[in-house]
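1. Sequence first, then the predicted structure:
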Amino acid sequence: MRNAFIDELTMLAESDEKIFLVVGDLGYGVIENFERRFPKQFLNAGVAEQNMMGMAAGLASAGYKVFVYSIGNFPVFRCLEQIRNDICYQELNVSIVSVGAGLSYGSLGYSHHAIDDIGVMKALPGMTIYSPADPIETRLALTSSISLKTPRYFRLGKSGEPNIFENTPSNFPNWTRLANGNQLLVLTTGAIAIETIEASKSLSSEGIEIAIYSIPVLKPFDLDVTLIEQYQNILIVEEHSVSGGLGSIISEEIAKNGIKKNISVMGLPDFVHHELGSQKYLRKHFEIDSEGISNRVRQILSS
Amino acid sequence: MTTVSKSVALAARKSALQMTHASKAAHIGSSLSMIDILSVIATGTTLAKDGELGEELIISKGHAAAGAYAVLAHTGYIPLELIESYSADGALLGGHVTSTHVSAINLSTGSLGHGLPFSVGRALAKKRMGIQGQSFTLLSDGECDEGSNWEAALLASHLKLNNLSAVIDRNFLQSLRSTEETVQLEPLAEKWLAFNWDVAVVNGHSHEDLYQAIFRKSEKPMMTIANTVKGYGVSFMENSVDWHYKSPSSEELSKAINELDTFL
C-alpha cells in the first residue's frame, strides 16, 4: 500500500508543482524515486516529528499541498499537538501518511503497533480519515482527496497487501461490498478486510452466508442506515484497539440513529500487550484472523 | 526610523495596560517585555498580510497577545477599535494571538514551541519558490525549554534558511521563577551558535540596537537575543513574576501610564 500511495503521488506531482513530500527519515526503498524526480518538492525532515509537522503547516500555509510520510505512531503521537494546533486549528492542507497500520510492524514491538491512531485522529476537528483496504483503494483515496484543502490522515498498511478489489471500486468513498449474505453483517476497514473475506469463504462452505462491507473513510462518517436496517447481527472487525476505532464509531452512529442492533466488536484489547511476531501471527493471537472471525460469527449466530 | 517605532511602542504600552486592565487579562509583563521588539519589526518593514509570502510575522509567544495586538493596532495592521474588546466575552481577539482576525499574523499560537517550526516551513517555502522576504519570529526565553525549537534550530541551519530572523525576548523570567532557576538556559547565545545560527545579543529595549540586529543580513538563519526586562516601563511591574498573571487595577493603570509618560 505504501508503494501504491507514493507511486500515485509521484504521478500527481508530474502535473502539480505544489505537491510537497516531507518524510521523517523513513521510506527506504519507497520514496527515492519521488525525491530524485522532484527534489524541489521533497524534504527529509530528519528524526524530529514535532518540527516536521510544524514545518509542514508552514509549507501548507505558503500554498503547498503537503504530504508528511512516516511510519506507525510517529506522525501521530509525537506531534499530536502540532497536528491539532498548527494544522487543524489553521485548517491547512496537510496530509499525514502513516504507514504500518495495525500490526504491520508486529515484531518491532508495541511502540510500532499503530492501534490507537483512529481514536486520536477522529477526535481532531476537520480531519478526514482514510483507511483503505488494499493498494487499489489506497490509490483511490489519494486521488479522490487531492482537491481537498483540509487536513487528512491516511492509515496505510505496509507492503505486500493483496489487491482485494478486482476492479477499481466505483462507489468510493461509499462502503464497498466484499461479500453478500443475509445472516450477519460484517463491517471492516483497512487491510484486515482480507481476513473477513477468508472467513466468509470458509463460513459459506458450512452454509453460513455473511455480508461484508469495507469502509474506506472513517471521518466524516456516513452510516449506511439502509444497509444496517437489514441485519440484526452486526460484527465489526478492525486492526485497532476496540476503544476508539471503527467499533466505537459504528456503535455511536447506530445509537445516534436510534437503531437497536446486536453489535459485536473484534479488535485489539484495550490494554497494553507485550506480544511480538508477524502480522499473521499476531492477528491469530488476538483472534482477529479469518479463523477467529469465523468462530465469532458461529458463536453469534448460535446464541 | 526609530522615532516612529518608539512612539508606537509608547502608545502600545499604554494600550496593552488598558486592555489587560479592562479585561482583567494576564500577561501584561510579557507584553511590556516584547513591545519594543515588535514595534521595531512592524515599523521596520511592510508585513505581508493574509498568509502571503514575503516579510512575515510569526509570534510564537502567543500569550503576549495584548502587547502584540497593541503594536499592530498602532501600526495600522488592525483597526484600533478591535483591541477595545480584547478578551471580552465574544471578542475577536483573546489572550493568545490569532491569525483568524489579524491578517499580519501567520500562525495562531498559544502553546509554546510552535512558532519556530512553522517559520522553518514558511522560510523553506520561500526558498523553494524563489520568493524574497524574511520570516520574523518572536520567541520567549522560557519557551526555549521546548524541544521542538531545538529540532527547528537544527533543520533551519542545515537548510541555510537565512530568510529566517528570530528574536528571543530574553527577560529571564518564566511562569514561576527565573529561567535560570527553572531550567538553566545559559549560555544561551552559545547554544544557538553551536546550532550554527548567526547570533546577536542586544539591548531589547534599544530600538536602534534592535533595528540593526533584526534586519541584518547573514548566510545563516539569524537569532537575535534581545535582553529585556519583563514589565519594562512600569516600575512596579518590572522583573516580577506576579505580573505574568495580574492585571492592573484602575489605580495601578493610572500610575503605570503616568510613569510611561514621565520616563519613556
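-> Structure's in. What do you need?

2. Could you pick out the residues of chain B near chain A for me?
-> B:51, B:53, B:99, B:106-111, B:113-114, B:116-126, B:128-129, B:147-148, B:151-152, B:154-155 (Cβ under 8 Å from any Cβ of the partner chain). Every residue, glycine included, has its C-beta placed from N, CA and C.

3. Neighbours of residue A:200, how many?
-> 25 (other Cβ atoms under 10 Å in any protein chain shown).

4. do the same with the one 5 residues further on
-> Neighbours of residue A:205 under the rule other Cβ under 10 Å: 8.

5. give me every residue that touches it.
-> Contacts for residue A:205 (Cβ atoms under 8 Å, 6 or more residues apart in numbering or on different chains) come out as none.

6. And the helices in chain B, which stretches?
-> Counting by DSSP state H, residue ranges of the helices within chain B are B:2-23, B:28-44, B:65-74, B:115-129, B:147-158, B:179-182, B:188-194, B:207-214, B:250-263.

7. Now do the buried residues in the longest one.
-> Along helix B:2-23, these residues count as buried under the neighbour rule (16 or more other Cβ atoms under 10 Å in any protein chain shown): B:2, B:5-6, B:8-23.

8. Could you do the fourth one as well?
-> When burial is assessed from 16+ other Cβ under 10 Å, helix B:115-129 yields the following buried residues: B:115-128.

9. of all these, which comes closest to residue A:272?
-> Each of the buried residues of helix B:115-129 was scored against residue A:272 by Cβ to Cβ, and residue B:117 proved nearest at 30.5 Å.

10. and the closest residue to chain A within the stretch 151-264 of chain B, what pLDDT?
-> The minimum distance from the stretch 151-264 of chain B to chain A, using Cβ to the nearest Cβ, falls at residue B:151 (3.5 Å). At residue B:151, the model reports a pLDDT of 98.

11. Can you name the residue of the stretch 101-250 of chain B nearest chain A?
-> With distances taken as Cβ to the nearest Cβ, the stretch 101-250 of chain B approaches chain A most closely at residue B:121, which sits 2.0 Å away.

12. Would you agree that residue is in contact with residue A:53?
-> No. Between residue B:121 and residue A:53 no contact is recorded; they are 9.5 Å apart, counting by Cβ atoms under 8 Å.

13. what about the strands in chain A?
-> A:19-23, A:42-44, A:65-71, A:94-99, A:128-130, A:152-156, A:176-179, A:184-188, A:210-214, A:217-219, A:233-241, A:262-268 (DSSP state E).

14. Closest to the centroid, which residue in chain B?
-> With distances taken as Cα atoms, centre = their mean, residue B:138 lies nearest the centre of chain B, 4.3 Å away.

15. What's the separation between the residue of the stretch 101-250 of chain B closest to chain A and residue B:155?
-> Taken as Cβ to Cβ, to the nearest Å, the spacing of residue B:121 relative to residue B:155 amounts to 10 Å.

16. Now do the shared contacts for the two.
-> Where contact means Cβ under 8 Å, 6+ apart, the residues bridging residue B:121 and residue B:155 through contact with each are residue A:55.

17. which residues of chain A score low on pLDDT?
-> Under the criterion pLDDT under 70, no range of chain A is flagged.

18. Up against chain B, what does it have?
-> Taking Cβ under 8 Å from any Cβ as the criterion, chain A approaches chain B at residues A:40-41, A:43, A:45-46, A:48, A:50-64, A:81-82, A:85-86, A:89-90.

19. can you rerun that using 7 Å?
-> Where chain A comes near chain B, counting by Cβ under 7 Å from any Cβ of the partner chain, the residues are A:40, A:45-46, A:48, A:50-51, A:54-59, A:61-62, A:64, A:81-82, A:85-86, A:89-90.

20. Turn the strands of chain A into JSON lines, columns for mean neighbour count.
-> Compiled in JSON lines, these are given as follows (neighbours: other Cβ atoms under 10 Å in any protein chain shown):
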{"stretch": "strand A:19-23", "mean neighbour count": "25"}
{"stretch": "strand A:42-44", "mean neighbour count": "20"}
{"stretch": "strand A:65-71", "mean neighbour count": "27"}
{"stretch": "strand A:94-99", "mean neighbour count": "26"}
{"stretch": "strand A:128-130", "mean neighbour count": "23"}
{"stretch": "strand A:152-156", "mean neighbour count": "27"}
{"stretch": "strand A:176-179", "mean neighbour count": "18"}
{"stretch": "strand A:184-188", "mean neighbour count": "26"}
{"stretch": "strand A:210-214", "mean neighbour count": "23"}
{"stretch": "strand A:217-219", "mean neighbour count": "21"}
{"stretch": "strand A:233-241", "mean neighbour count": "25"}
{"stretch": "strand A:262-268", "mean neighbour count": "19"}
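
21. For those, give me CSV that also has distance to residue B:241.
-> Listed next are these as CSV, based on distance: least, Cβ to Cβ, whole Å:
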stretch, distance to residue B:241
strand A:19-23, 39
strand A:42-44, 40
strand A:65-71, 38
strand A:94-99, 37
strand A:128-130, 43
strand A:152-156, 41
strand A:176-179, 59
strand A:184-188, 55
strand A:210-214, 57
strand A:217-219, 43
strand A:233-241, 43
strand A:262-268, 47
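
22. Pull the number of nearby residues for residue A:253.
-> Burial of residue A:253 is recorded as 16 neighbouring residues (other Cβ under 10 Å).

23. quick one: it from chain B, how far?
-> In this view, residue A:253 and chain B are 31 Å apart by Cβ to the nearest Cβ, to the nearest Å.
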